[in-house]
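Peer 1: Predicted model follows, preceded by the sequence.
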Amino acid sequence: MPVKKAQAYLERVLKFEAVIPFVKFTGGIGRKAMAKNINAPGSIGRFPVKAVGVVKDLLTNAAANAESKGLDVDDLIIAHAQCNRAPAGRRRTYRAHGRIGKYASQPAHIELILSAKKAPVEKAPEEPRKITKKAAAKKRFVKVGGAP
């Protein structure tokens, strides 16, 4: 997806004009009529404002980095996007009756790779194929009767 198109889509999500389809973790997620427009399974989608803000900032930063390296931002596409789990930040919260409960954050490592759009490769001129004796004999053979 081109970077400019992705940034516009994320901006529309922040304004609640477009929905993010949820495909994998769909338990307890309500339906959205907007999700029908993008053929989301079961019309399931959400507006994850906090996550979209983070990804939008990363995308803007990556585009700025590419521009500083001399690449044209209009020709950039998102070649690779990946999100992995990061080690949890562990803290503690104090509960009633002298107990202590865990209070952990769930951070993530987000990886975005942008690349310039490649020009299409022209098809090589087709060389005449050598035909075997068997294939030539099959071409000469004429079926008599039956379906063509």
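Peer 2: Perfect, I can see it now.
Peer 1: what about Leu14, distance to Gly53?
Peer 2: 7 Å (CB to CB, to the nearest Å). For every residue, glycine as well, the C-beta is placed using N, CA and C.
Peer 1: After the longest helix belonging to the chain, which helix or strand is next?
Peer 2: Looking across the chain with DSSP state H, the single longest helix is helix 49-68. Past helix 49-68, further along toward the C-terminus, the next helix or strand under DSSP states H and E is strand 76-85.
Peer 1: name the helices or strands packed onto that following strand?
Peer 2: Packing partners of strand 76-85 (3 or more CB pairs under 8 Å, 6 or more residues apart in numbering; DSSP states H and E): helix 3-14, helix 49-68, strand 108-116.
Peer 1: what is the rounded mean pLDDT of it?
Peer 2: The average of the pLDDT scores along strand 76-85 is 95.
Peer 1: after that strand, next one along is what?
Peer 2: Immediately after strand 76-85, counting by DSSP H and E, sits strand 90-94.
Peer 1: Output the contacting helices and strands for that following strand.
Peer 2: Using 3+ CB pairs under 8 Å, 6+ apart as the contact criterion, the elements in contact with strand 90-94 are strand 100-104.
Peer 1: Stretch 49-60: which residues count as buried?
Peer 2: Neighbour-count burial for stretch 49-60, with 16 or more other CB atoms under 10 Å as criterion, is recorded at Ala51, Val52, Val55, Lys56, Leu59.
Peer 1: quick one: which of these is nearest to Met34?
Peer 2: Of all the buried residues of stretch 49-60, the one with the least separation from Met34 (CB to CB) is Val52, at 14.5 Å.
Peer 1: That closest one and Lys4, how far apart?
Peer 2: As judged by CB to CB, Val52 and Lys4 stand 16 Å apart.
Peer 1: Straight-line length of stretch 123-135, end to end?
Peer 2: The first and final residues of stretch 123-135 sit 26 Å from each other (CA to CA, to the nearest Å).
Peer 1: contact partners of it?
Peer 2: If you take CB atoms under 8 Å, 6 or more residues apart in numbering as the criterion, stretch 123-135 is touched by Lys139.
Peer 1: Do I have it right that Leu71 meets Lys117?
Peer 2: No - at 10.4 Å, Leu71 and Lys117 do not qualify as touching, with contact defined as CB atoms under 8 Å.
Peer 1: Look up how far Glu11 lies from the spatially most central residue of the chain.
Peer 2: For the chain, the residue nearest the mean C-alpha position is Ala81 (6.6 Å; CA atoms, centre = their mean). Per CB to CB, Ala81 is found 17 Å from Glu11.
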